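Visitor: Take this sequence and fold it.
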Amino acid sequence: MVTGRATVLVEPNRIETWDVAIADPEPGGALVRVVIGGVCGSDVHIATGEVGVMPFPIILGHEGVGRVDVICPGFTADCLETLEEIAMEGRETFLEAGGKEFHYIPTTNDLGPWMTALSIIAIENLEGWVGRAPQKEPLPC
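Guide: Numbering: from 1, shown residues only. Model (predicted):
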């Protein structure tokens, strides 16, 4: 189980640091590594008890600024849609939401060893599906 550190309001005016479980992202989701978490004004009001009775414990610092490393293992090649939707639009959305670092990690489509491996996989899996063109005798001149 992956854990992270959290600032937890245990009761009004009592804050502790806990190790908390980090859930795996749902399909299509992302796990964001938070570098710095900010405690906003509403967190301060909760901590001092100004907003009334709250269900404790409460994890504070929801204004996180993080780094996202995006990997698209489902794509064998960086197609235009991948680059536009994830590397460009995803970056823009993340940065507009206050994120600081967005890293798109490209696939291995331009590396020789990967192309060799992909060729072998294709040949092995197409065996028997695609016949070779019959060999014809060269036409006499």
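
Visitor: which residues in the chain form strands?
Guide: Taking DSSP state E, the strands of the chain run over residues 3-11, 14-21, 33-38, 58-59, 63-71, 101-105.

Visitor: list the helices and strands the shortest one packs on?
Guide: Right, strand 58-59. strand 3-11 (3 or more C-beta pairs under 8 Å, 6 or more residues apart in numbering; DSSP states H and E). Where you see a C-beta, it was placed from the backbone N, CA and C, and this is true even at glycine.

Visitor: Does anything pack onto the strand it packs on? Which helices or strands?
Guide: strand 14-21, helix 41-48, strand 58-59.

Visitor: mind checking which of these is nearest Thr3?
Guide: Proximity to Thr3 (C-beta to C-beta) singles out strand 14-21 among those, at 4.6 Å.

Visitor: and that closest one, what other elements does it pack with?
Guide: So strand 14-21, by 3+ C-beta pairs under 8 Å, 6+ apart, packs with strand 3-11.

Visitor: by how many degrees do the strand it packs on and helix 41-48 diverge?
Guide: 60 degrees (axes from the mean of the first three to the mean of the last three C-alpha atoms, to 10 degrees).

Visitor: Point out where this structure drops to low pLDDT.
Guide: Where the chain drops to pLDDT under 70, the residues are 28, 30, 35-36, 63-65, 72-82, 109-110, 130-136, 138-141.

Visitor: okay, the longest helix seen in the chain in PDB with CA atoms only?
Guide: In the chain, assigned by DSSP state H, the helix with the most residues is helix 112-126. The C-alpha coordinates for helix 112-126 follow below in PDB (Å, rounded to 0.1, in the frame of the first residue of the first chain):
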ATOM      1  CA  GLY A 112      15.100   1.000 -32.900                       C
ATOM      2  CA  PRO A 113      14.800  -1.800 -30.200                       C
ATOM      3  CA  TRP A 114      11.000  -1.100 -29.800                       C
ATOM      4  CA  MET A 115      10.400  -1.100 -33.500                       C
ATOM      5  CA  THR A 116      12.200  -4.400 -33.800                       C
ATOM      6  CA  ALA A 117      10.200  -5.900 -30.900                       C
ATOM      7  CA  LEU A 118       6.900  -4.600 -32.400                       C
ATOM      8  CA  SER A 119       7.800  -6.100 -35.800                       C
ATOM      9  CA  ILE A 120       8.500  -9.500 -34.100                       C
ATOM     10  CA  ILE A 121       5.200  -9.300 -32.300                       C
ATOM     11  CA  ALA A 122       3.300  -8.400 -35.500                       C
ATOM     12  CA  ILE A 123       4.900 -11.200 -37.500                       C
ATOM     13  CA  GLU A 124       4.300 -13.800 -34.800                       C
ATOM     14  CA  ASN A 125       0.600 -12.800 -34.400                       C
ATOM     15  CA  LEU A 126      -0.100 -12.500 -38.100                       C
END
